[in-house]
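**Student:** Let me see the structure of the following:
(chains A, B, C, D and E)
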Amino acid sequence: MKITRTVKKILDNYESDNPGTKGNLARMLMHGKLGGSGKMVILPVDQGFEHGPARSFAPNPDAYDPHYHYQLAVDAGLNAYAAPLGPLEAGADSFAGAIPTILKVNSANSLSTNKDQAVTASVKDALRLGCAAIGFTIYPGSEDQYAMFEEIRDMASEAKSYGLAVVVWSYPRGGKLDKAGETAMDVCAYAAHMAALLGAHIIKVKPPTDVLWQPEAKAVYEKQNIDISTLPKRIAHVMQAAFNNRRIVVFSGGEAKDLDGLYNEIRGLRDGGANGSIIGRNTFQRPRDQALDMLDKIIAIYQGKM
Amino acid sequence: MKITRTVKKILDNYESDNPGTKGNLARMLMHGKLGGSGKMVILPVDQGFEHGPARSFAPNPDAYDPHYHYQLAVDAGLNAYAAPLGPLEAGADSFAGAIPTILKVNSANSLSTNKDQAVTASVKDALRLGCAAIGFTIYPGSEDQYAMFEEIRDMASEAKSYGLAVVVWSYPRGGKLDKAGETAMDVCAYAAHMAALLGAHIIKVKPPTDVLWQPEAKAVYEKQNIDISTLPKRIAHVMQAAFNNRRIVVFSGGEAKDLDGLYNEIRGLRDGGANGSIIGRNTFQRPRDQALDMLDKIIAIYQGKM
Amino acid sequence: MKITRTVKKILDNYESDNPGTKGNLARMLMHGKLGGSGKMVILPVDQGFEHGPARSFAPNPDAYDPHYHYQLAVDAGLNAYAAPLGPLEAGADSFAGAIPTILKVNSANSLSTNKDQAVTASVKDALRLGCAAIGFTIYPGSEDQYAMFEEIRDMASEAKSYGLAVVVWSYPRGGKLDKAGETAMDVCAYAAHMAALLGAHIIKVKPPTDVLWQPEAKAVYEKQNIDISTLPKRIAHVMQAAFNNRRIVVFSGGEAKDLDGLYNEIRGLRDGGANGSIIGRNTFQRPRDQALDMLDKIIAIYQGKM
Amino acid sequence: MKITRTVKKILDNYESDNPGTKGNLARMLMHGKLGGSGKMVILPVDQGFEHGPARSFAPNPDAYDPHYHYQLAVDAGLNAYAAPLGPLEAGADSFAGAIPTILKVNSANSLSTNKDQAVTASVKDALRLGCAAIGFTIYPGSEDQYAMFEEIRDMASEAKSYGLAVVVWSYPRGGKLDKAGETAMDVCAYAAHMAALLGAHIIKVKPPTDVLWQPEAKAVYEKQNIDISTLPKRIAHVMQAAFNNRRIVVFSGGEAKDLDGLYNEIRGLRDGGANGSIIGRNTFQRPRDQALDMLDKIIAIYQGKM
Amino acid sequence: MKITRTVKKILDNYESDNPGTKGNLARMLMHGKLGGSGKMVILPVDQGFEHGPARSFAPNPDAYDPHYHYQLAVDAGLNAYAAPLGPLEAGADSFAGAIPTILKVNSANSLSTNKDQAVTASVKDALRLGCAAIGFTIYPGSEDQYAMFEEIRDMASEAKSYGLAVVVWSYPRGGKLDKAGETAMDVCAYAAHMAALLGAHIIKVKPPTDVLWQPEAKAVYEKQNIDISTLPKRIAHVMQAAFNNRRIVVFSGGEAKDLDGLYNEIRGLRDGGANGSIIGRNTFQRPRDQALDMLDKIIAIYQGKM
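**Tutor:** Predicted coordinates:
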């Protein structure tokens, strides 16, 4: 398919990047059923690292096999598949060229005693595995946030020099933040903004609630009458925080909910101008046919058909 | 425009620097409406990192877009524009050659639990983005101050070897310092002096109050009858602390105030011999036409016309 | 499009390569109108280096513009576009993601006094320009052949470590070879074999004549009754020499001829089992609409429709 | 001065370069009396290396002093000044920020027994001396041409990574070339084309004669009726060879002639669409006031006033 | 002693050098009996490498001992002592701080079959031995001249970065040059000029004869009426070629002659504006007391007392 005007316009926003990086952004934006629309659905499977295998895969034991996720992402016509080193090594050859991949280069686990992640893969790994991008999680607010920022600075710089794209998962966590703060409107917009400031090409955040958590921020939101009453309004505000839509932002699925709840949320993301969704657990914890059906509907929503 | 005598005299003060670094200092000193006068007005936009996007840009939502600031700095005829990695990447191509830029290479955020900053960009980033200088914040007094000093030592050394200039934001903070101490006369002069000691080419401090915070310093100021009764006297004292005017010192706008208050403060800076101002929030939180008008007046003050 | 069985089977032949390299082979094999068929048509534009601009582009002056070739390759639905550093730099941003590219990393010119090529681009250039492969010419038989082999050894090794593919133009030339020898059956098969021995992923040779040039080889061909009487037979023999079809071989168009002559030659290549064609001058020296028509027919031949 | 549309359009042609490199191209294109017009006059002083000091400077002995050339280029309002390491080291501090400079990184001398140049300065030298570009001479056709191509490949790649621009002097010489060939139409267009293929940002060639030197090229020029009867036509053809005007081409003054002859030649360059002139000997071998007068007229010609 | 105005003015000519390098130039210019006068006498002992030990030291066998030369240079009140690695290693501890030294980093021998030198010591050696400078010989005109230029480029760049000074022995030799050419006026001025172009701080050449060797140069000298009839005129012309006196030039003693001949030559150097002499054989091949007497007289000549 030829690069669409919509995708070309998005690429033009990455004006300081080399053609290699733009080409890899294009690979993801042009792939799958949403290819060319400027919208993306990405399958991330780093759940096993975060919560262990049984909590991740026991509901749908086929998902213990890394090939399962590759095949699911291909068959669903998604834009990209993101995973840590091991699973990509376990399937990258079988699925070479089949779908753009994102190597998740840092990872946390639930045995951890701090709010940090270990850097578990390298930029060179991403190249040898044929990935289009590296993925990196930061925890804004955490005691370790600055160390994480310095890690992504180095890895992003290396990745960009080799023509790879950089996806940043920006999840406020730790430090002064409580549960409500982690998904508060002001904190989520801040998290997206920080990822953009750090030079991310694609930003992943959670859909924000209507909580305003930082008192100084709350005062501004109220004084400026920023409307955050609906999800679309909140999403539009996050997009504003991502350099006024100059950076791609995709949203994770948030808390578990029923399918209608999920579809409604996706509609909210779409109506707010989000570039798309990154949906892990909701996808691979269902039987394959149900997952494919769900992904079809999500794609249809982004296509404006639902 | 040909290099003026005034600017040549300033450049001569940087006598151990290579011609590349002097050339970049000259680029900033010769650019814009104050070009050649030895005075500077710089637009810094790192507020978003420090306080989040809404607190920074909601009062003037156009400012969510990184291009807005580039254009504002160009249209106002400022000497330079300073920002973190992401915003420079988002506009450096569109505005290549349009205005000297300063890459802010470390950054803090208001979710942080300590008084430190993360190093969020590299000297090589500054080169590939065509910047004239790197900018670095130190927090004299903070528990992390020595680590910050060691970071700027390394980055300044690398920057100088490549012919870049080094701008140091010197903001006393943390440790034993209380609110009054952060802007006290003796502490501010000390902060400017430390930046000079660390090898900064351009130093940014806040305008000091007439508080004398360290008892030992207070004793000396009183014994030596150092006149700190007016802002011009205090500024002249800061300039003295910056190697007796051998280093460029620019002042931030301090606390929010009305425009007349601001203009008076600028007059005080000018009369005290400051090299100029670095004005962020006061600029981009106003509608564009008001900001341009304000900057015109500030420039007129430095030109001695107001 | 999903990776086809045919393409998967071809990829499986590159069994020691990392998934990055296979992915890049897949990008070329899956792109364009022949995508998925295991057949390829590639547009190479290094004529300007070899023969100068007027001899290359004067017959169709639009072709002086590097964008022309990118657009032609895209519009014709080719698999890839190959060119030296300058032309790729001149268009890689506008056409990021639009078509797989091959960076020709060595080049000769017609002013040269020897049979060598200069290495004029690097593997890192290929990465920053988003290329799928590097292209390298060897001149088996030339006085400089061993130096060329050692250059491709180094560059291929580096390219493979980064997940790029390696295309080798294998053109016997120089040394003891006369004109007839350069395209002789035994020499051409030998050239393809050496490229394979050197680790090429894709091999480009000229269609061989029925000359047998090396006496020792001639003796064997005759003793073993190797049938080289028709082009398909000769092509099949070259494919045999390329590890019994384990390596992709594409053929250049050879000497200028009329269109029917060209189509017949392509049919011969197809019937002999060639993976495809790499057609430069014949393409860009015609007016664009005629070139597109010609490429459509060539593609139709490889699709078995003509 | 704000970047003009004309200059912006030129910069857009360098689409794969980073903002640093574009900024340095802009510095040269925006500087001096022709600033913003897309036209350039550059003062090159590498004559002393090529022919020795007396042959270069005895006609105007003030020119023995490296400061003389800096001052002349500044006072004449030229776009840039190009010289080897020593002269730039001797004046770069005094003239920091006064005019963009090009570090000539290779050099030949008239005692040499071959057609090569020595690499006499590094990319890092260019950075510490505050240069906007490196300059490199290639001798297409020379026995050493491929070695020279490989040197510029490495230096250009390093320069680009640091945001510097690359100027290539492309002077056919040596090997099979005779005197007539060195400035022949086909050879000159070929030389410009090769510099573009090697990734040059700015190309310097000599104005071509109407000789057609390579028989194969002559046949094409005649068959295609390429009009090379006038200088403007020949220049337009060179611009075509430089990627259809996508690369900046400046022309040296050619053989000594009287001033009217020179002005006519400049008119021919202008009418053919050249980006400008690079004039050494004709400038510094005249008394300063005559040189300034001559440069004023040349600039006026490029401004269309004469 | 305080740095004199004369020396300060000389140092100011090295405007792009760092204070380390200027400090080392000052060490040499301020040392010994000529300290502060801007004049220098240097003792070089690389004769043993060039001609073997007996030809060098047999006339005065004490000179076989490296300490002899150190002591002689100290006792004579010279500005500096230059030698290869071995002799400096043999005395640098005993004479630490006693006299500035120059490490001769390349060397030739009379068994050689070509006109080249071997790099026999490193910049790091110069640092660990406490040297003020490195010394390097180039042979302009030799088949190996460009390789030598590339060696000094690298070593000079490294030396300068560490604050060392660079002394270049520029001796035309080899290639097309005959005996008369090696010391011809035009060739000697050219040799001095090339050393300056290569970035030398101190240049050593031989006093030129009144031969004009290059026909093209001869034509210019005659047309411009350059007066080369006397040694002072010729020396003044060499100084002109050394950036119009911006670079220090010292002269070797030339051919063997009696003492009066030598003193007359030194007067000629002085009257022509030379910075001094570098005298090897004439010094160490005499008994020590005679050598000291001779050096005293030479110093007196430079002081204008004789």
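**Student:** which element is residue A:300 on?
**Tutor:** Under the criterion DSSP states H and E, the helix or strand holding residue A:300 is helix A:288-302.
**Student:** CA atoms of that helix as PDB?
**Tutor:** Output in PDB follows, covering the C-alpha atoms of helix A:288-302 (Å, rounded to 0.1, in the frame of the first residue of the first chain):
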ATOM      1  CA  ARG A 288      -8.200 -17.000  20.500                       C
ATOM      2  CA  ASP A 289     -11.500 -16.800  18.600                       C
ATOM      3  CA  GLN A 290     -12.900 -14.400  21.100                       C
ATOM      4  CA  ALA A 291      -9.800 -12.400  21.100                       C
ATOM      5  CA  LEU A 292      -9.800 -12.100  17.300                       C
ATOM      6  CA  ASP A 293     -13.500 -11.100  17.400                       C
ATOM      7  CA  MET A 294     -12.800  -8.400  20.100                       C
ATOM      8  CA  LEU A 295      -9.800  -7.100  18.100                       C
ATOM      9  CA  ASP A 296     -11.900  -6.900  15.000                       C
ATOM     10  CA  LYS A 297     -14.500  -4.800  16.800                       C
ATOM     11  CA  ILE A 298     -11.800  -2.500  18.300                       C
ATOM     12  CA  ILE A 299     -10.400  -2.000  14.800                       C
ATOM     13  CA  ALA A 300     -13.800  -1.300  13.500                       C
ATOM     14  CA  ILE A 301     -14.300   1.300  16.100                       C
ATOM     15  CA  TYR A 302     -11.100   3.000  15.100                       C
END
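**Student:** Which other helices and strands does it contact?
**Tutor:** strand A:40-44, helix A:66-76, helix A:259-272, strand A:276-278, helix A:281-284 (3 or more Cβ pairs under 8 Å, 6 or more residues apart in numbering or on different chains; DSSP states H and E). For every residue, glycine as well, the C-beta is placed using N, CA and C.
**Student:** Those residues of the stretch 151-300 of chain A touching chain B, which are they?
**Tutor:** Taking Cβ under 8 Å from any Cβ of the partner chain as the criterion, the neighbours of chain B within the stretch 151-300 of chain A are A:153-154, A:157, A:172, A:175-177, A:186-187, A:189-190, A:192-194, A:196-200, A:214, A:216-217, A:220-221, A:224, A:226, A:237, A:240-241, A:243-244, A:246-247.
**Student:** can you rerun that using 6 Å?
**Tutor:** Neighbours of chain B within the stretch 151-300 of chain A, by Cβ under 6 Å from any Cβ of the partner chain: A:153, A:157, A:175, A:189-190, A:193, A:196-199, A:217, A:220-221, A:224, A:226, A:240-241, A:243-244, A:246.
**Student:** Of those residues, which belong to helices?
**Tutor:** Using DSSP state H, the subset of these located in helices is A:153, A:157, A:189-190, A:193, A:196-197, A:217, A:220-221, A:240-241.
**Student:** Most neighbours among those residues, which one is it?
**Tutor:** Of all these, the most densely surrounded is residue A:190 (32 neighbours; neighbours counted as other Cβ atoms under 10 Å in any protein chain shown).
**Student:** contacts with chain C among the ones in helices among the residues of the stretch 151-300 of chain A next to chain B, please.
**Tutor:** On the criterion Cβ under 6 Å from any Cβ, none of the entries of those sits beside chain C.
**Student:** Widest-spaced pair of the residues you listed?
**Tutor:** Greatest spatial distance among these (Cβ to Cβ): A:157 and A:221, at 34.2 Å.
**Student:** need the strands for the stretch 1-150 of chain A, in chain order.
**Tutor:** When assigned using DSSP state E, counting those that start in this stretch, the strands of the stretch 1-150 of chain A occupy the ranges A:40-44, A:80-83, A:101-104, A:106-107, A:118-119, A:133-138.
**Student:** before we move on, back to that, pick the one among the ones in helices among the residues of the stretch 151-300 of chain A next to chain B closest to residue C:149.
**Tutor:** Among these, residue A:157 lies closest to residue C:149 (Cβ to Cβ), at 35.2 Å.
**Student:** Just the pLDDT at the closest one, thanks.
**Tutor:** The confidence metric pLDDT takes the value 97 at residue A:157.
**Student:** out of the strands of the stretch 1-150 of chain A, deepest packed?
**Tutor:** Greatest average neighbour count among the strands of the stretch 1-150 of chain A goes to strand A:101-104 (a mean of 30), per mean count of other Cβ atoms under 10 Å in any protein chain shown.
**Student:** Name whatever forms a beta bridge with the nearest residue to residue A:152 once chain neighbours are set aside.
**Tutor:** Distance criterion Cβ to Cβ, 6 or more residues apart in numbering or on different chains; nearest residue to residue A:152, sequence neighbours excluded, is residue A:136 at 4.7 Å. Beta-bridge partners of residue A:136, counted by DSSP bridges, are residue A:168.
**Student:** helix, strand or coil for the most centrally placed residue in chain A?
**Tutor:** Centrality entry for chain A: nearest residue to the mean C-alpha point is residue A:204, 3.5 Å, by Cα atoms, centre = their mean. Under the three-state scheme (DSSP: H, G, I helix; E, B strand; the rest coil), residue A:204 adopts strand.
**Student:** quick one: it and residue A:169 touch, right?
**Tutor:** Yes. If you go by Cβ atoms under 6 Å, residue A:204 and residue A:169 touch, sitting 4.6 Å apart.
**Student:** returning to what we had before: just the pLDDT for the residue nearest to residue A:152.
**Tutor:** For residue A:136, the pLDDT comes out at 98.
**Student:** And residue A:113, by the same measure?
**Tutor:** At residue A:113, the model reports a pLDDT of 84.
**Student:** so how far is residue D:181 from it?
**Tutor:** Residue A:113 sits at a distance of 76 Å from residue D:181 (criterion: Cβ to Cβ, to the nearest Å).
**Student:** the more surrounded of those two?
**Tutor:** residue D:181 (20 against 5).
**Student:** Closest one to residue D:123 out of the ones in helices among the residues of the stretch 151-300 of chain A next to chain B, please.
**Tutor:** Using Cβ to Cβ, residue A:157 is the member of these that sits closest to residue D:123, with 19.3 Å.
**Student:** coming back round to it: tell me who's in contact with the residue nearest to residue A:152.
**Tutor:** Applying Cβ atoms under 6 Å, 6 or more residues apart in numbering or on different chains to residue A:136 gives the contacts A:105-106, A:152, A:168.
**Student:** which of those residues lies closest to chain B?
**Tutor:** Compare each of those with chain B using Cβ to the nearest Cβ and the shortest gap goes to residue A:152, at 8.6 Å.
**Student:** For the closest one, grab the count of nearby residues.
**Tutor:** Counted with other Cβ under 10 Å, residues neighbouring residue A:152 total 25.
**Student:** Just the pLDDT at it, thanks.
**Tutor:** Confidence score, pLDDT, at residue A:152: 97.
**Student:** What segments of the stretch 1-150 of chain A are helices?
**Tutor:** With DSSP state H, counting those that start in this stretch, the ranges of helices along the stretch 1-150 of chain A come out as A:5-12, A:19-30, A:47-51, A:53-57, A:66-76, A:85-91, A:123-128, A:145-161.
**Student:** Turn the ones you listed into a markdown table, columns for distance to residue B:46.
**Tutor:** Supplementary listing: the helices of the stretch 1-150 of chain A in a markdown table, determined by distance: least, Cβ to Cβ, whole Å:
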| stretch | distance to residue B:46 |
| --- | --- |
| helix A:5-12 | 25 |
| helix A:19-30 | 24 |
| helix A:47-51 | 32 |
| helix A:53-57 | 39 |
| helix A:66-76 | 38 |
| helix A:85-91 | 35 |
| helix A:123-128 | 27 |
| helix A:145-161 | 14 |
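**Student:** quick one: which of those is nearest residue B:282?
**Tutor:** Among the helices of the stretch 1-150 of chain A, the nearest to residue B:282 by Cβ to Cβ is helix A:145-161 (27.5 Å).
**Student:** So which bits of the stretch 51-200 of chain A are right by chain C?
**Tutor:** Contacts of the stretch 51-200 of chain A with chain C, taken as Cβ under 6 Å from any Cβ, map to A:92-93, A:96-98, A:127-130, A:162-163.
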